[in-house]
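J.: Below are the sequence and a predicted model; questions follow.
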Amino acid sequence: MKRHLLEAADLDRDDATLVLDTAAQIESALAGREVKKLPTLRGRTVVNLFYEDSTRTRISFELAAKRLSADVINFSAKGSSVSKGESLKDTALTLEAMGSDAIVVRHGASGAPHRLAQWVQGSVVNAGDGTHEHPTQALLDAYTIRQRLGRLDGIRVVVVGDVLHSRVARSNVWLLATLGAEVTLVAPPTLLPVGVGSWPVQVGYDLDAVLPKADVVMMLRVQAERMNASFFPSAREYSRRYGLDGRRMGALPDDAIVMHPGPMNRGMEIAAVVADSARSTIVDQVGNGVSVRMAVLYLLLGGASASE
Ligand code: NCD
């Protein structure tokens, strides 16, 4: 693997499979253990540098680093010298001067992790940059699909909703294509990005038409905080055309699964009856996120040579 994980588009099939296989090995090594911890990154320091709000991604990275015995610093822009105007570069150099080996960064600006990677010596992991990418989310989604359905090759994945603002959708499109899945995007035309025609996907506008042939339905959050205009007539109208409710779930093949990266707008893009159903992998995705992020940190920080 390269020194950084900046985008899923960078990962070839071997890299991506190595992450998924390593996560599976870590999971089975820890299964049934009372102490869920490996000594691999003892003495290493991982900094979580979060400029945007996060619940699961930040906690998941923190837990992943701690389960590998690394020291973890959680930095959120709120309450730091960022509010005094300190730049991303100065903040990163300060953290590195204090001995960080890896920086896990979430930032509202697309491309911020790439800039950071040019300034620091250690590894940079993109934990979500603007509307660009969120590679570890795509890796944990791929891991979850493989765990539930046994493979990724030839699996039909329908990604539904606010693709325009979704870094989760972008990362999934690239990773799933690399791993041989067939992706269909279903969204209102206003919530599809310019240039989607060059992505390795099919595009549709009729959710009911694609559900009967889907193996996986991945629902996206409607990202109201990134919307500076009105992209659809009303929440009700959105939900009626693009929401996954109990009736639509009934149209899925028997073993199809329903995914959502969280946080959910229950009742908007996904009905509670679907989110809480046996088909839903939402809770599994969160659990798998820790194993996958452990694998990423282990592979980037050269855990193998650091372990005794
Ligand atoms: C996503 C994110 O922040 O990009 N959440 C996550 O990391 N699980 C998706 C979202 O906010 O809708």
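T.: Nice, thanks for sending it over.
J.: Now do the residue in the stretch 101-250 of the chain positioned nearest to the ligand against residue 84, distance only.
T.: The ligand sits closest to residue 221 of the stretch 101-250 of the chain, with a gap of 3.4 Å, by CB to the nearest ligand atom. Heads up, the C-betas are built off the backbone N, CA and C, glycines and all. Using CB to CB, to the nearest Å, residue 221 is found at 32 Å from residue 84.
J.: returning to what we had before: I'd guessed the residue of the stretch 101-250 of the chain closest to the ligand sits against residue 263; true?
T.: Yes: using CB atoms under 8 Å, residue 221 is in contact with residue 263, at 6.4 Å.
J.: Compare neighbour counts for those two and give me the winner.
T.: Just comparing residue 221 and residue 263: by other CB atoms under 10 Å the higher neighbour count belongs to residue 221, 20 against 11.
J.: So for stretch 234-252, mean pLDDT?
T.: What stretch 234-252 shows for mean pLDDT is 96.
J.: What residues of it count as buried?
T.: Neighbour-count burial for stretch 234-252 flags 238-239, 241-244, 248-249, 252 (criterion: 16 or more other CB atoms under 10 Å).
J.: picking that back up, which secondary structure element is home to the residue of the stretch 101-250 of the chain closest to the ligand?
T.: For residue 221, there is no helix or strand it lies in under DSSP states H and E.
J.: OK, contacts around it?
T.: Contact analysis of residue 221 by CB atoms under 8 Å, 6 or more residues apart in numbering lists 161-162, 166, 260-265, 269.
J.: Am I right that residue 47 falls within a strand?
T.: Yes: assessed by DSSP: H, G, I helix; E, B strand; the rest coil, residue 47 belongs to a strand.
J.: Can you get me a residue count around it?
T.: Counted by other CB under 10 Å, the residues lying close to residue 47 total 26.
J.: What of residue 93?
T.: With other CB under 10 Å as criterion, residue 93 counts 13.
J.: Now do the contacts for it.
T.: Under the criterion of CB under 8 Å, 6+ apart, the contact list for residue 93 reads 119-120.
J.: got a pLDDT number for it?
T.: pLDDT, residue 93: 92.
J.: Could you confirm it falls within a strand?
T.: No: under three-state DSSP, residue 93 sits outside any strand and is assigned helix.
J.: can you tell me how far it sits from residue 84?
T.: From residue 93 to residue 84 the distance is 16 Å (CB to CB).
J.: Spit out the contact partners of residue 239.
T.: Residues in contact with residue 239 (CB under 8 Å, 6+ apart) are 245, 267-269.
J.: count of residues packed around residue 7?
T.: Number of residues near residue 7 (other CB under 10 Å) recorded here: 22.
J.: cool, and residue 158?
T.: Quick note: residue 158 (other CB under 10 Å) scores 24 neighbours.
J.: Just say helix, strand or coil for it.
T.: Three-state assignment for residue 158 (three-state DSSP): strand.
J.: so it touches residue 210, yeah?
T.: Yes: between residue 158 and residue 210 there is a contact under CB under 8 Å: 5.2 Å.
J.: where do the contact lists of these two overlap?
T.: Counting by CB under 8 Å, 6+ apart, the common neighbours of residue 158 and residue 210 are 184, 186.
J.: quick one: residue 20 and the ligand, what's the gap?
T.: Note on residue 20: its distance to the ligand, by CB to the nearest ligand atom, to the nearest Å, is 18 Å.
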